[in-house]
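Enquirer: here is the input, now give the coordinates:
(chains A and B)
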Number of protein chains: 2
Amino acid sequence: MADATQPMFKRLALIGIGLIGSSISHAARRHGGLVGEITGSSATEKTRETALRLGLVDKAFATAAEAVEGADLVIVCTPVGVCGRIAEQIGPRLAAGAIVSDVGSVKSAIVADMAPHLPASVHFVPAHPIAGTEYSGPEAGFSSLFDGRWTILTPPEGAEGEATARLRAFWEGLGSRVEVMTPEHHDLVLAITSHLPHLIAYNIVNTAEHLKRVTDSEVIQFSAGGFRDFTRIAASDPTMWRDIFLNNKDAVLHMLGRFGEDLAVMEQAIRSGDGDTLFRLFAEARAVRRGIVEAGQDTAKPDFGRGPGTGAS
Amino acid sequence: MADATQPMFKRLALIGIGLIGSSISHAARRHGGLVGEITGSSATEKTRETALRLGLVDKAFATAAEAVEGADLVIVCTPVGVCGRIAEQIGPRLAAGAIVSDVGSVKSAIVADMAPHLPASVHFVPAHPIAGTEYSGPEAGFSSLFDGRWTILTPPEGAEGEATARLRAFWEGLGSRVEVMTPEHHDLVLAITSHLPHLIAYNIVNTAEHLKRVTDSEVIQFSAGGFRDFTRIAASDPTMWRDIFLNNKDAVLHMLGRFGEDLAVMEQAIRSGDGDTLFRLFAEARAVRRGIVEAGQDTAKPDFGRGPGTGAS
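Expert: Next comes the predicted model:
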């Protein structure tokens, strides 16, 4: 396929240089043979300066349209809500034969928003790397973010197989494992594995803040009993998550309904003092953890291995 | 106060030798001056054998009544639901002047269950170290479990101040920080910082399992998007947690009601596409995380510092 002396892609354009964009750059540079030049765009001057200073991009542009000129791989790494507008801006400037992709956490809405603006001469293969941290911005990225994690590709029906295969090879080169599914199924899977957990985490943190009889400082002081785990997820970027919930509404509301039904059963068991039901529900939940550790998707170390005294003190 | 050549307590009796009991032993041995002899009891022969083999106790007994003979500090480290029965068994065998304590995650119910069975000649000072992992059993303990964490003491009204001061010094010797409050306030604080988070985590894991359109293996495979954090908490001991919910019913149901009200607001915002409300709610939640890290109650490292490829693969 590829000439051994040539990189897989001559020019990669990163539209948006935050946690994911900067991590793609780090991981691509680590590999060596994946990309030649990397261009990037950000509307924020400080982000462009940081990206150049850290060597994340060879050239930084204020507009997406400039950054995609001559690129054979374009990855839109912005919040989901602006992907449609980006597609509109870059559509006329894309090189024929280029692969256009993204990293958004929803897929049906992205396909609906972006596809109409992209010329027939390019290959549109949406993607979603299931990796991240609670930090954001160009300085948050690191080269091993995708190692062992999964990236889901959702090529629209009739998408050319070779473009999908090339994008798969690219993500595998970044350290990721790759799965292909429909945008609709992706949105359902992510609604339960990612979107609902984030919604619940945001909500419980706010519930704690709204209490009058327990102070904020008590909530913080005694958070090691479980609450602190939720606050990590709830520290994620609010703009990104607003867009996810606005763009995966049906699947999230469906999962939220199921969650509420299950919670009503637990509430009733507590109210009526039904210890057998509680024990059964808790014991069932335990087995799932083992599967995740065995699948290499989390550490087996107690307490995530974070150990004592790991905070600022 | 204490003679420098004498340990703070001559004989510590651990009733129950699981994660917390074994960690108390490790931490007490690390300190050196805290305890002389350590006795322990477990109804399970294998636990007694393990405790002796690991040097967690000098003597292991099948009954609590035997283990407390001659002990000047007795700590009940069993699930909350059996503390009353333990108190009944040990009451007649306790040495005069002994301090009797526990490590239970609820306090009002423990006071109600245990106090009636304890003779006036002992000092009853309930305690709750807010520390733990998702693992259980005598092999799960380690000496640094309590370092930098908080232990709450809830002496009943009129409890002798010196006994509380001695127990405080003991927990500080184990590495913990110590706070004193009423049993009722403890139960309210823990309902939001620990009990509700566990209930929510157990529930979301079960919701994921009950789905038909998303398979169990997909839930596991793509869990790095947030779900896996909940499974760690939901891997906690089901017996312990059943007892907690049965014994802190009112506070948990109160917090669950508040949580439901807040969740209804988020659900409505998603349904009506109200991005401003979502953004505001998410941004508010972010600040709490910073407070927890600054208070030394969690790591600032991205993703708890667990890094990539930390699983079994």
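
Enquirer: number of nearby residues for the closest residue to A:Glu49 other than its chain neighbours?
Expert: Distances taken as Cβ to Cβ, 6 or more residues apart in numbering or on different chains put A:Ala60 closest to A:Glu49, at 7.8 Å, once the chain neighbours are dropped. For every residue, glycine as well, the C-beta is placed using N, CA and C. Other residues near A:Ala60 number 23, with proximity taken as other Cβ atoms under 10 Å in any protein chain shown.

Enquirer: what helices or strands is the one helix or strand A:Leu190 maps to leaning on?
Expert: Taking DSSP states H and E as the criterion, A:Leu190 maps to helix A:183-190. Helices and strands touching helix A:183-190, by 3 or more Cβ pairs under 8 Å, 6 or more residues apart in numbering or on different chains; DSSP states H and E, are helix A:108-114, helix A:249-271.

Enquirer: ok, residues contacting stretch A:134-142?
Expert: With contacts defined as Cβ atoms under 8 Å, 6 or more residues apart in numbering or on different chains, stretch A:134-142 is touched by A:17-26, A:42, A:47, A:50-51, A:54, A:56, A:133, A:232-233, A:235-237, A:240, B:289, B:302-303.

Enquirer: buried ones among those?
Expert: A:17-26, A:42, A:47, A:50-51, A:56, A:133, A:232-233, A:235-237, A:240, B:289, B:302-303 (16 or more other Cβ atoms under 10 Å in any protein chain shown).

Enquirer: wait, A:Ile75 touches A:Ser101, no?
Expert: Yes - under the criterion of Cβ atoms under 8 Å, A:Ile75 makes contact with A:Ser101 at 5.1 Å.

Enquirer: shared neighbours of these two, which are they?
Expert: Counting by Cβ under 8 Å, 6+ apart, the residues touching both A:Ile75 and A:Ser101 are A:Ala127.

Enquirer: re earlier: the very next helix or strand once past the helix holding A:Leu190 near chain B anywhere?
Expert: Next in sequence after helix A:183-190, counting helices and strands by DSSP H and E, comes helix A:196-210. Yes - contact between helix A:196-210 and chain B, assessed by Cβ under 8 Å from any Cβ of the partner chain, occurs at A:196-210.

Enquirer: quick one on the thing from earlier: what secondary structure does the residue nearest to A:Glu49 sit in?
Expert: Classification of A:Ala60 using DSSP: H, G, I helix; E, B strand; the rest coil returns strand.

Enquirer: enumerate every residue touching it.
Expert: So A:Ala60 contacts A:Ile17, A:Thr39, A:Gly40, A:Ser41, A:Ser42, A:Arg48, A:Glu49, A:Ala51, A:Leu52 (Cβ under 8 Å, 6+ apart).

Enquirer: and it, how far from A:Thr78?
Expert: Taking Cβ to Cβ, to the nearest Å as the measure, A:Ala60 and A:Thr78 are separated by 15 Å.

Enquirer: for A:His186, same thing?
Expert: 18 Å.

Enquirer: beta partners of the residue lying closest to A:Asp102 once chain neighbours are set aside?
Expert: Spatial nearest neighbour of A:Asp102, excluding adjacent residues (Cβ to Cβ, 6+ apart): A:Val76 at 4.2 Å. Following DSSP bridges, A:Val76 is listed with bridge partners A:Ile15, A:Asp102.

Enquirer: was I right about A:Val76 contacting A:Arg85?
Expert: No - judged on Cβ under 8 Å, A:Val76 makes no contact with A:Arg85 at a distance of 10.3 Å.
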